[in-house]
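what follows is a protein structure lacking sequence information:
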């Protein structure tokens, strides 16, 4: 390498605006070659933007990027790739119906006589795969492969192009703790070969365990850069949030009644898509007055379970077994009638399933409550009653800004979620189903939502909590079930299990 | 402000481009503009004809707009209005002795029913079979034309005419006309169109069903999660759209010709798409846009007569350019970086 | 009789195959192509005029393809650069073609109905038929084995991935849309200079949409799409054959019922078999480039 050891990557005073929001405002970052460098921050702090600038997916408004000491300007990712930078995105950027081979070759196809030379590519890839211990089935469509393998494919894409700087954006979001360890074994190997790795994440634990140095983002700026060995999760959290953070809330023990809220008996679902879209003999029982948490990495049947409970008429639900809500068999019932039983739902993807983003807050508050509730007067909508109820609810649930006419898409993630919670709790639910309720939500709103969920339980509702965040499951659940590949593989009572054990079960051990 | 500015700008752009086309053809654009204006509003007859053309455009515009609100593309208004007119004419020809006011009411209902059926079919195909309504509605347009032609030539043929048309309807079916427009057939269909627009507004923005339709059009998955059945709503929306288009038959059969004439519609159905887009799928906008396009249609008809080279198809050209301008939302971000609020950066 | 029917089917399917393959490129890259009808129409007009001027069907077809490309370029500007809704813009393009063709016809030939007849020795006898099937093979090879084919497939399936791999998505889509204009134009040419002897108003009569239906039925792949075109061609050939024929009783079947046959088949095809076919995932969604 060069005599004066330039950092592998340096960002100087990097800035980028979107409209009147400064996503990055004068970001300074130094990454030494041959290290694993953590980049952390809350959602919206600017870390993803900075990485996209580094990778050439966005162009900076001001500031510079230096690679190995040389100033670089990218017109597109092609330029960054040519300089040896590669990025594994959070959503892998793979095209499902096409083979692993084609996905890897995209953009770097070897050509012979005008046609793609898949033969040569295959040979080279096999060599790479064995060198780094990343075995892959080259010819199967990507959608049939498990998530861990998909990630390997994404990494191989970078290695195939001789990337020397690898950016990984939230790589462990979809992995079990064991798969996470496997990933980092691979990263350590890559580090040993002199490659530089940037690890973008919001998981403090991963950062503490696997990085050499950490840079902290907050509100578009860098608020700190430290040696991992000389810091603590608490310090990092404070740097991320800017104030003292209380990690976790205290929950009183439950007093469940004997009456059932949700009873799922021998639920099985077979369908296309392999083991990732199946349910096998699932049994769940939630009583009124308790919180049952289902822990599991996303993609292990949670979505299918929700669909079977809430939309049994959906054609994708060829299920056997029964689902009872509040003692009533809901097989074949229309979704609306199920909600009318007193079921509140916090959907796992609020942007797609929970809100009408272009419509005002008032209409979003109406969604789900529009038929058969206080606002329905023989088919006509009572706008005044709606406005009054909505205003009250917005205040009670601390939704900011509390403007009825604002399009819901303009609210922050946390406020959107609070709006949904406000709306759902309006119907005084006896059953609450909350899926990933605090994903993408800032810390303040997390505490609020958690407290509301517990309050619902204390007021007699039966709560089914589905989450990939172990802390959330452990803190809130009175009983914990673990879901893996469509099965319930373990059951624990509150306080009876450690995080490590849960992680093992989530990974199928 | 932008909501009103953009359609106006689009109209100006479309008109300008259309005038440019006529200039290429060898006409003086100023002259063309003058003829257009005079043709649309020059005399009471001209105004009347403009209104006469605008009335069916309100119906088809509403039809397309309602479908759009549900996220559906109703390209089938042409077929729906054809069958609507056929329905009214059939009732009128088969029971000629029926007396007013029962007769026209029945005919209006027949028109709506026929259109509703023709809209429900593609709605059902989309909801239950997944067929995209763009293609099925276009196919149904052709099929409707064939059916109507068959009925007019074989079943209800007018014995006193060589033209492809049905027998005249009974006198009791005819609706009153406004005499003040120098002979132009402006009938009670015009106030009916206005009333229909108001009714559509109430339905879409003040009722539960309207809310559900709009929700499905905004986000099918959010609507589904809220317990709405998107398939059922789509069928209802398309049926409504069909019924609205069918009402064109009222103005044509009951208020003008007194029978069904094959090919009476100068593409009212397609023009309805332009009307709905320009009117931003809102009933008030639809009425305004319908008036504009009615004027355009009358003006270009005069162009055909009074110029050497310009034919009335130029109105289609202008309309298409207007539609293109309206639909190009991205033009605003392309022309200048405007301030946009960003809700959630890391979506 | 059977042989006649088969020959007729092959001939009549030719314009559909060209248009459907053109549509395939565009749609596989993620751009819905409702405008096939308009591009075919203007191609038919351009080819007719071109042949009358140059006295060669080949040069005339080039004119037709050029006209298709021009119209496709207008479509591309609005749909790719300005990110207009693709179905709305496509419908507008169709209207534009429907308005422009009689207008231009009147300017040049003084009538809006149709162009003058093209003498028989200046028309195609059978070349487009063979060309179209050659094209099917070329398209199949191209999509499967070349870089461009891979890029188009990804542009329609996961454009972010393509962009992240360093290829500009909108450039790929532009190329695809222009190619679809050229091929649809050729389809139009085979209507006016092969199957008939002139351009007449609105002569495409819904064929662009049938091509689209064939594409959907054929799951956006070259060979199944071509076979679907044959199906529609067959319906049309039968329709031509049956006109004036009495199937039962003395009266011939009313011509209207026969004429709607191809359209009915299209709907049935769409409803019966295509319900769960899998479209390219990014079809219809505009791509926001950095």
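Yes, it's here. Quick caveat, the model's predicted, so the values are computed rather than measured.

low-confidence stretches in chain C?
C:244-252, C:273-278, C:289-290 (pLDDT under 70).

tell me which helix or strand comes right after the single longest helix found in it.
Ranked by residue count, the top helix of chain C under DSSP state H comes out as helix C:2-28. Using DSSP states H and E, the helix or strand that directly follows helix C:2-28 along the chain is helix C:36-54.

show me what that next one is packed against.
Using 3 or more C-beta pairs under 8 Å, 6 or more residues apart in numbering or on different chains; DSSP states H and E, the elements in contact with helix C:36-54 are helix C:2-28, helix C:57-76, helix C:86-109, helix C:169-190, helix C:207-217. Using the backbone N, CA and C atoms, a C-beta is placed for each residue, glycine as well.

show me where pLDDT drops low in the stretch 1-150 of chain A?
Using pLDDT under 70, the stretch 1-150 of chain A drops low at A:1-5, A:20, A:43-44.

ok, now how distant is residue C:207 from residue C:232?
The spacing between residue C:207 and residue C:232, counted by C-beta to C-beta, to the nearest Å, is 8 Å.

what's the overlap in contacts for those two?
Residues touching both residue C:207 and residue C:232 (C-beta atoms under 8 Å, 6 or more residues apart in numbering or on different chains) are residue C:16.

and those two? which has more neighbours close in?
Neighbours per residue, other C-beta atoms under 10 Å in any protein chain shown: of residue C:207 and residue C:232, the larger number sits with residue C:207, 29 against 25.

would you agree that one is in contact with residue C:191?
Yes: here residue C:207 reaches residue C:191: they are 7.5 Å apart, a contact under C-beta atoms under 8 Å.

shared neighbours, the two?
With C-beta under 8 Å, 6+ apart, residue C:207 and residue C:191 have common neighbours C:15, C:40.

ok, now how distant is residue A:137 from residue A:105?
In this view, residue A:137 and residue A:105 are 15 Å apart by C-beta to C-beta.

name the SS class of the closest residue to chain A within the stretch 101-250 of chain B, please.
Nearest residue of the stretch 101-250 of chain B to chain A, counting by C-beta to the nearest C-beta: residue B:227, 3.4 Å away. At residue B:227 the chain is in coil, as set by DSSP: H, G, I helix; E, B strand; the rest coil.

just want to check the distance between the closest residue to it other than its chain neighbours and residue A:343.
Spatially, and ignoring its direct neighbours in sequence, residue B:227 is nearest to residue A:336 (3.4 Å; C-beta to C-beta, 6 or more residues apart in numbering or on different chains). Here residue A:336 is placed at a distance of 11 Å from residue A:343 (C-beta to C-beta).

was I right to think the residue of the stretch 101-250 of chain B closest to chain A contacts residue A:338?
Yes: with contact defined as C-beta under 8 Å, residue B:227 counts as touching residue A:338 (7.4 Å).

pull out the buried residues from the helix or strand harbouring residue A:234.
Taking DSSP H and E as the definition, residue A:234 sits inside helix A:233-241. Neighbour counts over helix A:233-241 (16 or more other C-beta atoms under 10 Å in any protein chain shown) mark A:236-241 as buried.

which is the next helix or strand following that helix?
Counting by DSSP H and E, what follows helix A:233-241 is strand A:260-269.

how about residues contacting that following strand?
A:277-288, A:292, A:304-305, A:308-309, A:317-327, A:430-431, A:433, A:461-464, A:486.

same thing but 6 Å
With contact meaning C-beta atoms under 6 Å, 6 or more residues apart in numbering or on different chains, strand A:260-269 is reached by A:278-288, A:304, A:308, A:319-325, A:327, A:431, A:462, A:464.

report pLDDT for the nearest residue to residue A:442 once chain neighbours are set aside.
With C-beta to C-beta, 6+ apart as the criterion, residue A:442 has its nearest non-adjacent residue at 4.6 Å, and that residue is residue A:414. pLDDT, residue A:414: 83.

also residue A:236?
81.

same thing with residue B:100?
80.

touching, it and residue B:170? I think so.
No: using C-beta atoms under 6 Å, residue B:100 is not in contact with residue B:170, being 9.4 Å away.

these two: which is more packed in?
Neighbour count, other C-beta under 10 Å: between residue B:100 and residue B:170, residue B:170 has more, with 20 against 14.

does the more buried one really touch residue B:96, like I thought?
Yes: using C-beta under 6 Å, residue B:170 is in contact with residue B:96, at 3.3 Å.

can you give me the domain assignment for chain A?
When chain A is parsed with automatic domain parsing, its domains come out as A:9-241, A:251-342+A:430-509, A:350-427.

list the contacts of stretch A:127-141.
A:97, A:99-101, A:152-153, A:156, A:159.

next: stretch A:79-88.
Against stretch A:79-88 from outside (C-beta under 6 Å, 6+ apart): A:55-56, A:67, A:74, A:154-155, A:158, A:161, A:163-168, C:166.

buried sites along the stretch of helix or strand residue A:122 belongs to?
Taking DSSP H and E as the criterion, residue A:122 maps to helix A:118-132. If you call a residue buried by 16+ other C-beta under 10 Å, then helix A:118-132 has these buried ones: A:118, A:121, A:125, A:128-129, A:132.

got CSV for the residues you listed, with distance to residue C:236 too?
Putting the buried residues of helix A:118-132 into CSV (distance: C-beta to C-beta, whole Å) gives the following:
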residue, distance to residue C:236
A:118, 41
A:121, 45
A:125, 49
A:128, 54
A:129, 53
A:132, 58
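
and of these, the nearest to chain B?
Nearest member of these to chain B, counting by C-beta to the nearest C-beta, is residue A:132, at 29.9 Å.

for the closest one, give its distance to chain C.
Separation of residue A:132 from chain C (C-beta to the nearest C-beta, to the nearest Å) stands at 20 Å.

thinking again about what came up before, and the contacts of stretch A:127-141, which is closest to residue B:29?
residue A:97 (52.4 Å; C-beta to C-beta).

okay, and the beta partners of the residue nearest to the closest one when sequence neighbours are not counted?
What sits nearest to residue A:97 in space, not counting adjacent residues and going by C-beta to C-beta, 6+ apart, is residue A:141, at 5.3 Å. Taking DSSP bridges as the rule, residue A:141 bridges to residue A:99.
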